[in-house]
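J.: Predicted structure and sequence below. I'll ask about it afterward.
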Amino acid sequence: MSLTSSLRRLFGNTDEGNDTLRPTIDGARALELVRAGAALLDVRERAEWNTAHAPQAVHVPLGEIDKAPRRLKQDTPVVVMCASGMRSRTAAKHLRRLGYEATSLSGGIGAWQSAGGPVRR
């Protein structure tokens with residue numbers, strides 16, 4: 001089974017029997033997906049990023065989301081995070097329109113950290 005197939009199963013709503021990614025996920029699921037190979041994209045502003053961020057995250061502020069495809073692999077699922085989950089929903093929706101498998105981390109970096117995700121300060 002390929003990495004993409006495995007991640008689709010983790011992302012997907014298996015109750016419906018399809019490979020559609022859920023638009024939002026919780027911190028535990030995000031951590032699981034990133035550990036399995038999904039990219040982590042942080043769309044917070046630079047000052048927020050400088051305060052604390054996940055060490056493995058790619059940083060592209062929401063206002064520059066059109067630059068994200070240069071930093072992401074098309075065939076790798078993307079978990080998008082921000083401070084609360086609002087900006088990441090917008091970014092994930094934009095990335096899905098561009099053909100990426102993208103989901104938003106509900107609860108933002110706080111949910112990531114609460115689930116045990118590493119944060120660098």
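T.: Sure, I can see it. Bear in mind that the values here come from a model prediction, so they are computed numbers and not experimental data.

J.: Every contact and neighbour count from this point should use C-alpha atoms.
T.: Will do.

J.: tell me which element His72 falls in.
T.: Residue 72: Leu, not His. Following DSSP states H and E, there is no helix or strand that holds Leu72.

J.: Show me what the residue lying closest to it once chain neighbours are set aside bridges to in the sheet.
T.: In space, and not counting its chain neighbours, Leu72 is closest to Ala39: 7.4 Å by C-alpha to C-alpha, 6 or more residues apart in numbering. As for beta bridges, Ala39 partners with Val78 under DSSP bridges.

J.: hey, where'd the helices end up in this structure?
T.: Per DSSP state H, the chain carries helices over the ranges 3-11, 27-35, 46-51, 86-97, 108-114.

J.: would you turn those helices into TSV with mean neighbour count, mean pLDDT and distance to Asp66?
T.: Output for those, formatted as TSV (neighbours: other C-alpha atoms under 10 Å; pLDDT from 0 to 100; distance: least, C-alpha to C-alpha, whole Å):
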stretch	mean neighbour count	mean pLDDT	distance to Asp66
helix 3-11	17	59	23
helix 27-35	19	97	22
helix 46-51	12	98	16
helix 86-97	20	97	9
helix 108-114	20	98	21
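
J.: which stretch among those comes nearest Val79?
T.: Distance to Val79, taken as C-alpha to C-alpha, is lowest for helix 27-35 among these, at 6.5 Å.

J.: thinking again about what came up before, from Asn50, how far off is the residue nearest to Leu72?
T.: With distances taken as C-alpha to C-alpha, to the nearest Å, Ala39 is found 19 Å from Asn50.

J.: ok, the residue nearest to Leu72 - contacts?
T.: Shown in contact with Ala39 (C-alpha atoms under 8 Å, 6 or more residues apart in numbering): 57-58, 72, 76-79.

J.: what do you get for Thr103?
T.: 21-25, 78-80, 89, 92-93.

J.: Out of the residues you listed, which end up buried?
T.: 21, 23-25, 78-80, 89, 92-93 (16 or more other C-alpha atoms under 10 Å).

J.: for those, which one is nearest Ala111?
T.: Nearest member of the buried ones among the contacts of Thr103 to Ala111, counting by C-alpha to C-alpha, is Ile25, at 10.1 Å.
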